[in-house]
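A.B. asks: I'll drop the sequence and a predicted model, then ask my questions.
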Amino acid sequence: MFRINLYLKFIYFIIGIVFFKNKKEVDFSINKHLKKISNKKKIVLTSQGRIGLLLVLQYLKKKYPKKNEIIFTSYNLPEIVNIAKNLGFKINFNDIKYETGFVSMNEIKKKINKKTNAIILTNMFNHYQNSLELKKIASKNKISLIEDNAIYFDNFSVIKSKKKYAGSLGDFSLFSFNVMKNISALYGGAVAFNNLDFFKFYNNEKSKLKKFPILILLNQIKVFLILKIMSIKTLYRLFFFKIIKISHNLQINFLLKIFYPSLKFKEINFPSYYFTKISDFSKKLIYLQLNDLKSREKNFILRKEKNIYYYNQFLKLKKNNYINLIKIVNFDYQNFIDFPILVKEREKLNKFLLKKGIEIRFIYYKNCEKIFSKKTNSCTNSRKYENEIVCLPNHKQITKNYIDKIIKNIKIFYELN
């Protein structure tokens with residue numbers, strides 16, 4: 001079964017092409033939804049999620065020219081770290097805890113100094129109290145907290161009978177609506193904030209932005225349509241799964257880069273398409289999905305139920321040194337799009353599962369210290385996560401029987417080895 005779920009419905013893709021609703025109404029509706037989730041007064045839409053970070057860091061660099069250091073979790077998306085590097089910031093990498101996947105607060109405190117400009121909070125494995133504690137540290141030291149909420153959209157924690165959403169704690173909160181996200185606009189992102197000075201800065205920068213390149217958008221549409229075709233069960237089983245299996249077994253890089261775009265990463269300067277506006281087509285897709293509350297809630301509940309099922313079934317396995325669960329405190333806040341586990345002999349496990357007709361997400365984030373720093377050994381847990389994490393499929397087509405099949409075969413693999 002295809003591990004990927006494209007949350008963008010094909011009908012919305014078609015409606016987006018012929019949809020002529022008033023642009024101001026579309027903008028107003030998107031802003032209303034994102035303000036509620038982020039608990040912020042201002043929203044700006046960007047051509048990609050990472051462009052939001054680019055704008056925020058440009059502003060902070062101009063606002064605080066003597067503060068040239070940024071604190072990042074080392075286990076991260078290299079493209080995000082590359083933005084800070086290209087702007088000339090010194091990057092201080094922080095390791096994660098192996099049991100939770102979140103940062104050590106004591107280590108964060110040690111990294112803060114008078115030159116620290118901002119802390120990047122990447123919502124990935126953390127729960128609300130983790131984020132709140134980091135927010136308090138940033139506020140106490142008068143440092144901006146930038147919350148990257150690319151993969152935690154709609155996740156929440158109930159505090160005093162009220163929903164507190166991921167993305168509501170940062171001074172600047174970033175959202176991504178790329179093709180693989182649960183709100184998918186092919187390309188697109190947003191920044192939520194209260195800082196009026198940043199809003200003035202953004203309006204000045206906005207005037208310099210060009211129209212989003214039609215060729216890049218058309219290429220992403222092609223990717224979307226190919227993935228939609230791949231998700232048809234019969235075609236996937238008869239044709240596409242065989243290509244995926246061969247590409248892994250023979251290490252065919254150009255095919256693997258299609259399935260895992262992060263493999264394309266190179267340390268380069270900003271491409272020209274970074275300095276562009278979000279397309280009207282992407283706005284319409286965001287509008288349609290944000291207003292489809294029924295589908296959003298249904299997808300959220302289905303993922304949550306399957307995350308709980310995965311977690312409980314793995315807990316039933318005899319404890320061993322080959323499989324480790326990342327600690328989950330709150331299945332509403334830590335509602336993963338794919339279910340993550342840590343395993344030994346990852347490459348062999350992946351090939352074994354492919355033989356059994358099971359596709360998993362084999363590549364996730366990277367240990368960015370290894371890429372961007374002369375130090376390569378201080379973030380040991382980030383290195384372990386890069387080498388050990390696999391993500392198991394979790395979407396509406398994944399049944400509990402299929403989850404049982406995945407777990408059974410993982411168990412068999414380690415019993416044989």
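C.D. replies: Arrived safely. Keep in mind that this is a model prediction, so the values were computed, not measured. Numbering: from 1, shown residues only.

A.B. asks: helix or strand right after the longest strand anywhere in the chain?
C.D. replies: Using DSSP state E, we find that the single longest strand of the chain is strand 116-122. Next along the chain after strand 116-122, taking DSSP states H and E as the criterion, comes helix 128-140.

A.B. asks: now the following helix or strand past that following helix: how far from the chain's centre is it?
C.D. replies: Heading C-terminal from helix 128-140, the first helix or strand you meet, by DSSP H and E, is strand 144-148. Mean C-alpha position of strand 144-148 versus that of the full chain (C-alpha atoms, centre = their mean, to the nearest Å) differs by 14 Å.

A.B. asks: state the mean pLDDT of stretch 336-354.
C.D. replies: For stretch 336-354, mean pLDDT is 96.

A.B. asks: surely Met124 is in contact with Gly101?
C.D. replies: Yes: assessed by C-beta atoms under 8 Å, Met124 is found in contact with Gly101 at 6.4 Å. (Glycine included, C-beta is placed from N, CA and C.)

A.B. asks: give me the number of residues near Tyr364?
C.D. replies: Other residues lying near Tyr364 total 18 when counted by other C-beta atoms under 10 Å.

A.B. asks: same question, Val158
C.D. replies: Neighbours of Val158 using other C-beta under 10 Å come to 12.

A.B. asks: same question, Thr234
C.D. replies: 7.

A.B. asks: repeat for Arg296
C.D. replies: Arg296: 18 neighbours (other C-beta under 10 Å).

A.B. asks: return the list of helices and strands in contact with the helix or strand containing Val26.
C.D. replies: Assigned by DSSP H and E, Val26 belongs to helix 23-38. Applying 3 or more C-beta pairs under 8 Å, 6 or more residues apart in numbering; DSSP states H and E, we find helix 23-38 packed against strand 42-46, strand 172-176, strand 189-193, helix 280-290.

A.B. asks: can you tell me how far the closest residue to Tyr414 other than its chain neighbours is from Leu6?
C.D. replies: The shortest distance from Tyr414 to any non-neighbouring residue, by C-beta to C-beta, 6 or more residues apart in numbering, is to Tyr322 (4.6 Å). Per C-beta to C-beta, to the nearest Å, Tyr322 is found 32 Å from Leu6.

A.B. asks: need the overlap of contacts for Met124 and Gly101.
C.D. replies: Common neighbours of Met124 and Gly101, counting by C-beta atoms under 8 Å, 6 or more residues apart in numbering, are Tyr75.

A.B. asks: okay, Tyr322 and Leu6: which has more neighbours?
C.D. replies: Between Tyr322 and Leu6, counted using other C-beta under 10 Å, the more crowded position is Leu6 (21 against 17).

A.B. asks: how far away is the more buried one from Lys374?
C.D. replies: Taking C-beta to C-beta, one finds Leu6 at 40 Å from Lys374.

A.B. asks: repeat that for Asn31.
C.D. replies: The value you get for Asn31 to Lys374, if C-beta to C-beta is used, is 43 Å.

A.B. asks: out of those two, which sits in the busier spot?
C.D. replies: The neighbour comparison of Asn31 against Lys374 (other C-beta under 10 Å) goes to Asn31, with 18 against 5.

A.B. asks: please verify my assumption that the more buried one contacts Ile43.
C.D. replies: Yes: here Asn31 reaches Ile43: they are 4.6 Å apart, a contact under C-beta under 8 Å.

A.B. asks: what is the helix or strand where Phe254 lies packed up against?
C.D. replies: For Phe254, the enclosing helix or strand under DSSP H and E is helix 253-259. Counting contacts by 3+ C-beta pairs under 8 Å, 6+ apart, helix 253-259 packs against helix 241-249.

A.B. asks: tell me the average confidence for the helix it packs on?
C.D. replies: Rounded mean pLDDT across helix 241-249 is 92.

A.B. asks: who touches that helix?
C.D. replies: So helix 241-249 is in contact with Phe2, Ile252, Leu255, Leu256, Phe259, Asn350, Lys351, Leu354, Gly357, Glu359, Phe362, going by C-beta under 8 Å, 6+ apart.

A.B. asks: how near is the second one to Ser279?
C.D. replies: Taking C-beta to C-beta as the measure, Ile252 and Ser279 are separated by 32 Å.

A.B. asks: those two: which is more packed in?
C.D. replies: Each of Ile252 and Ser279 has its neighbours counted (other C-beta under 10 Å); Ser279 has more, 20 against 13.

A.B. asks: who's in contact with that one?
C.D. replies: Ser47, Tyr187, Gly188, Lys211, Phe212, Leu217.

A.B. asks: one more time with 7 Å
C.D. replies: Phe212, Leu217 (C-beta atoms under 7 Å, 6 or more residues apart in numbering).

A.B. asks: quick check: the gap between it and Asn22.
C.D. replies: Taking C-beta to C-beta, one finds Ser279 at 17 Å from Asn22.

A.B. asks: could you do Leu235 as well?
C.D. replies: Leu235 is 39 Å from Asn22, by C-beta to C-beta.

A.B. asks: these two: who's more crowded?
C.D. replies: Leu235 (13 against 8).

A.B. asks: would you check that that one makes contact with Leu227?
C.D. replies: No: Leu235 lies out of contact with Leu227 (C-beta atoms under 7 Å); the separation is 11.6 Å.

A.B. asks: grab the most central residue of the protein for me.
C.D. replies: In the chain, the residue lying closest to the centroid (C-alpha atoms, centre = their mean) is Ile151, at 3.5 Å.

A.B. asks: residue contacts, that one?
C.D. replies: Contact partners of Ile151, counting by C-beta under 7 Å, 6+ apart, are Asn123, Met124, Ile337.

A.B. asks: just checking, what packs against the longest helix along the chain?
C.D. replies: Criterion DSSP state H: the longest helix present in the chain is helix 293-316. Applying 3 or more C-beta pairs under 7 Å, 6 or more residues apart in numbering; DSSP states H and E, one finds that helix 293-316 contacts strand 323-325, strand 339-343, helix 400-416.
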